[in-house]
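> Build me a structure from this.
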Amino acid sequence: MIHIPPSLHHRRFRLLWSGQLISIAGSQMQLWALFWQIRTLTDQPIALGAVGLARILPVIIFSLIGGAVADVLNRRRILFITQTGMAISAFILGWLTLSGTIDLWHIYLLTALQAVFQAFDGPSRQALVPNLVPIRDLPNAFSMNSIANQTGSIVGPAISGFIIAAGGLPYVYILNAISYLAVIYALILMGPVDQQKAGARQNGLVSWPAIVEGVRFILTQPLILSTMILDFFATFFASANTLMPIIAIDVLHVGAVAYGWLSAAQAIGAMITALIISQMRDIRRQGAVFLFAVVVFGLATMLFGFAQTFMVAMLALVIVGAADTVSTIIRNTIRQLVTPDYIRGRMTSVNQIFFQGGPQLGEVEAGLAAQFFGAPIAIISGGIGCVLAVTWIARTWPQIRKYNGDEPIVAGSTAAG
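The predicted model follows:
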């Protein structure tokens with residue numbers, strides 16, 4: 001019997017989750033439209049890979065600062081600023097496209113600007129979740145966040161494909177700008193949220209010692225460190241999203257609508273899996289399940305690289321999304337449970353460098369590999385690299401293999417119902 005997920009019984013989390021559901025759909029519309037637009041401006045794979053560079057450099061530069069800010073300042077207020085900034089950037093992108101004056105450098109610059117806001121948004125938003133639900137409902141909250149992410153990742157690219165096919169590319173960006181209002185409205189309705197600020201330990205200041213404290217904490221936590229490193233290498237090798245227009249147009253020979261569905265395929269598998277997990281009370285042998293999921297992620301990526309038909313490509317991407325969701329839910333739960341609230345923002349900021357750095361730098365790597373060897377070989381070799389990374393992590397950090405999920409929780413929390 002299907003029941004209402006426990007995390008949605010908490011009003012403030014329910015508001016944030018609903019706002020994210022709409023906003024993520026808009027963001028995914030924009031992301032896949034960007035890839036398509038770049039492909040129409042140039043046929044060079046490296047130009048697509050450069051999007052990854054534009055998205056990750058600001059994260060590397062600003063994430064650690066963003067995490068420290070999230071631990072010192074009010075996370076809800078930070079989100080007001082970042083969501084507004086990303087909305088303005090998306091609107092400018094739409095206006096430039098609509099006026100016919102857009103060029104590649106505009107796309108890279110505005111993408112980088114949004115990434116700057118994201119570097120501050122991510123730590124605050126993720127660290128806010130444990131302040132909205134009690135510890136017992138935290139795994140379910142991350143499962144529901146995954147559902148929001150994947151629902152948006154299905155609806156967004158699919159709608160984007162239809163809009164692009166109808167000649168309305170600029171309106172994809174404008175709709176994304178409007179979608180950020182959903183999160184802003186949710187934050188207004190949510191009201192004040194208590195958090196355990198690190199300011200009491202830092203005199204309310206963002207400082208270099210505070211940033212170092214966050215990095216040092218992660219280095220002393222093998223469960224957190226191992227999942228972050230595996231996340232980085234798996235997505236670095238197996239990231240192929242920016243090559244999707246090339247696969248769609250040059251390998252599968254399909255149009256914009258089919259491209260939209262290919263772009264949504266990972267999210268379809270991910271959402272189905274997240275719905276299943278949301279109905280489960282717990283997951284046993286979480287470490288082993290996590291490692292197995294990443295192996296499946298790599299193998300399915302290889303299958304996608306070999307695909308010569310639309311249906312095989314869709315199936316492979318659905319499996320990729322399903323496997324990625326299992327690993328994402330487990331690793332996010334581990335990190336938040338092991339981390340005290342006063343340092344969650346900084347932990348999340350370091351994690352953001354890993355989980356965004358992997359796929360974004362991977363897109364650069366995939367673009368370079370595709371430039372010299374072709375897109376299919378770039379994707380297949382990436383899947384192989386992902387599987388090898390799992391083997392290395394499992395041997396180097398045996399703690400992750402042995403992690404069950406019911407070990408005592410040592411971190412403090414200010415989670416509220």
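
> Please point out which parts of stretch 165-174 sit buried.
For stretch 165-174, the neighbour count (16 or more other Cβ atoms under 10 Å) marks L169, P170, Y171, V172, Y173, I174 as buried. (Glycine included, C-beta is placed from N, CA and C.)

> As a check, name the ranges of all helices in the stretch 151-300 of the chain.
169-190, 199-202, 208-219, 222-238, 244-246, 256-278, 286-306 (DSSP state H, counting those that start in this stretch).

> Touching the third one from outside, list them.
The one in question is helix 208-219. Applying Cβ atoms under 8 Å, 6 or more residues apart in numbering, the set of residues contacting helix 208-219 from outside is 64-65, 67-68, 71-72, 198, 202, 224-225, 228, 339, 343, 345-347, 349-350.

> rewinding a little: quick check: which of the helices of the stretch 151-300 of the chain is nearest to I377?
With Cβ to Cβ as the criterion, I377 lies closest to helix 286-306 of the helices of the stretch 151-300 of the chain, at 7.3 Å.

> Output that closest one as CSV - backbone C-alpha positions only.
The C-alpha coordinates for helix 286-306 follow below in CSV (Å, rounded to 0.1, in the frame of the first residue of the first chain):
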residue,chain,number,x,y,z
GLN,A,286,24.2,0.2,2.3
GLY,A,287,27.9,0.2,1.6
ALA,A,288,27.8,-2.9,-0.6
VAL,A,289,24.6,-1.6,-2.3
PHE,A,290,26.3,1.7,-3.0
LEU,A,291,29.3,0.1,-4.6
PHE,A,292,27.2,-2.2,-6.7
ALA,A,293,25.1,0.7,-7.9
VAL,A,294,28.1,2.5,-9.2
VAL,A,295,29.3,-0.6,-11.1
VAL,A,296,25.9,-0.8,-12.8
PHE,A,297,26.2,2.9,-13.6
GLY,A,298,29.5,2.3,-15.4
LEU,A,299,28.2,-0.8,-17.3
ALA,A,300,25.1,1.0,-18.4
THR,A,301,27.2,3.9,-19.6
MET,A,302,29.2,1.5,-21.8
LEU,A,303,25.9,0.1,-23.2
PHE,A,304,24.8,3.6,-24.1
GLY,A,305,28.1,4.1,-26.0
PHE,A,306,27.6,0.9,-28.0
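
> Off-centre distance for it?
17 Å (Cα atoms, centre = their mean, to the nearest Å).

> now the buried residues of stretch 165-174 as CSV including distance to C386?
Shown next, in CSV, are the buried residues of stretch 165-174 (distance: Cβ to Cβ, whole Å):
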residue, distance to C386
L169, 33
P170, 36
Y171, 36
V172, 31
Y173, 32
I174, 36
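
> Turn the residues you listed into a markdown table, including distance to Y259 and pLDDT.
A markdown table is the format used below for those (distance: Cβ to Cβ, whole Å; pLDDT from 0 to 100):
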| residue | distance to Y259 | pLDDT |
| --- | --- | --- |
| L169 | 13 | 87 |
| P170 | 18 | 88 |
| Y171 | 17 | 90 |
| V172 | 13 | 91 |
| Y173 | 17 | 92 |
| I174 | 20 | 93 |
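
> So which of those is the closest to S143?
Proximity of the buried residues of stretch 165-174 to S143 (Cβ to Cβ) peaks at V172, which lies at 28.7 Å.

> Once you drop chain neighbours, what's closest to that closest one?
A33 (4.2 Å; Cβ to Cβ, 6 or more residues apart in numbering).

> what do you get for S27?
Spatially, and ignoring its direct neighbours in sequence, S27 is nearest to N176 (6.1 Å; Cβ to Cβ, 6+ apart).
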